[in-house]
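Peer 1: okay, here's the prediction I keep looking at, along with the sequence it came from:
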Amino acid sequence: MKIVEGKLAGVKLIEPVVFEDNRGFFMESYHADRFASLGITVSFLQDNHSLSKHKGVLRGLHYQLLPKGQSKLVRVTTGAIYDVVVDIREGSPTFGQWEGFELTAENKRQLFIPQGFAHGFCTILPNTEVLYKVDGLYSAEHDRGIAWNDPAIGISWPVEQPILSDKDSKHPLLADAEINFVNKG
Ligand SMILES: Cc1cn([C@H]2C[C@H](O)[C@@H](COP(=O)(O)OP(=O)(O)O[C@H]3O[C@H](C)C(=O)[C@H](O)[C@H]3O)O2)c(=O)[nH]c1=O
């Protein structure tokens, strides 16, 4: 398994080992010891799975406030997404900066996103299924969002007019958002 560090501290792109044969393929999508050797030592508590039926569905930018923060391990099993993280750790030298990654069923890449980042993705193929592990249980009262098109962040999404949930069409700008993550250096 190969890991590529993102430009934002803590974000890791994982290239899994894929065993292919005449039947198809096998891969370990998570392995506590192997991931720990890569510096990913969180204990995941919940698995999530979403299907987005159309190209151009955008889910995000989401995070949960502390003490219900969530690290995430994201992968795509059908289709493809442009996955985006935004550093929202007060005091971070990269606060408000974003980075995007193409995760597809084809490349089988996984993205580890530590707590302190807002997360969102836009589908680049229809019928895209995203599976992700989180180390914090869902808490609706701690669930928050930031506007996907916040000009101060300036994310270059692959679509101009995405398909959004009603909730995702109403998030505040980062400057007005409630955040409580502090950079630990
Ligand atoms: C996240 C979540 C949602 N729900 C319920 C709440 C709603 O009734 C329904 C859809 O939730 P939502 O519209 O927030 O789903 P997404 O827009 O896919 O949100 C997710 O997408 C972005 C990319 C993320 O990174 C987050 O993990 C998560 O916020 O599922 C649950 O019951 N448990 C959960 O863990």
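Peer 2: On my side now, so go ahead. Residues are numbered from 1 along each chain as shown.

Peer 1: next one: phi and psi at A175?
Peer 2: The phi/psi pair for A175 (degrees, to the nearest 10) reads phi -60, psi -20.

Peer 1: got it, and the one 5 residues further on?
Peer 2: Torsion angles at N180 (phi, psi; degrees, to the nearest 10) stand at phi -140, psi 30.

Peer 1: if I look at it, how far off is F112?
Peer 2: 22 Å (C-beta to C-beta, to the nearest Å). For every residue, glycine as well, the C-beta is placed using N, CA and C.

Peer 1: what does Y82 give?
Peer 2: Distance from Y82 to F112, by C-beta to C-beta: 17 Å.

Peer 1: what are the phi and psi values at the residue most central in space within the chain?
Peer 2: Closest to where the C-alpha atoms of the chain average out (C-alpha atoms, centre = their mean) is H119, at 4.5 Å. Backbone geometry at H119, expressed as degrees, to the nearest 10, gives phi -130, psi 140.

Peer 1: what do you get for D143?
Peer 2: Torsion angles, degrees, to the nearest 10, at D143: phi -70, psi 130.

Peer 1: my read: it touches H62, true?
Peer 2: Yes - assessed by C-beta atoms under 8 Å, D143 is found in contact with H62 at 6.9 Å.

Peer 1: more neighbours, N180 and F112?
Peer 2: F112 (22 against 13; other C-beta atoms under 10 Å).

Peer 1: please name the bridge partners of that one.
Peer 2: Taking DSSP bridges, one finds K12, L73 as the beta-bridge partners of F112.

Peer 1: contact partners for it?
Peer 2: V11, K12, L13, I14, I40, S71, K72, L73, V74 (C-beta atoms under 8 Å, 6 or more residues apart in numbering).

Peer 1: just to revisit the earlier point, tell me which of D143 and H62 has more neighbours.
Peer 2: Per other C-beta under 10 Å, whichever of D143 and H62 has more neighbours is H62, with 17 against 14.

Peer 1: how near is the more buried one to L73?
Peer 2: Distance from H62 to L73, by C-beta to C-beta: 15 Å.

Peer 1: please apply the same query to L174.
Peer 2: 24 Å.

Peer 1: looking at the two, which is more packed in?
Peer 2: L73 (22 against 18).

Peer 1: residues from the protein in reach of the ligand?
Peer 2: Residues of the chain that fall close to the ligand, judged by C-beta under 6 Å from any ligand atom: N48, S50, R59, G60, H62, H119, G120, F121, Y138, S165, K167.
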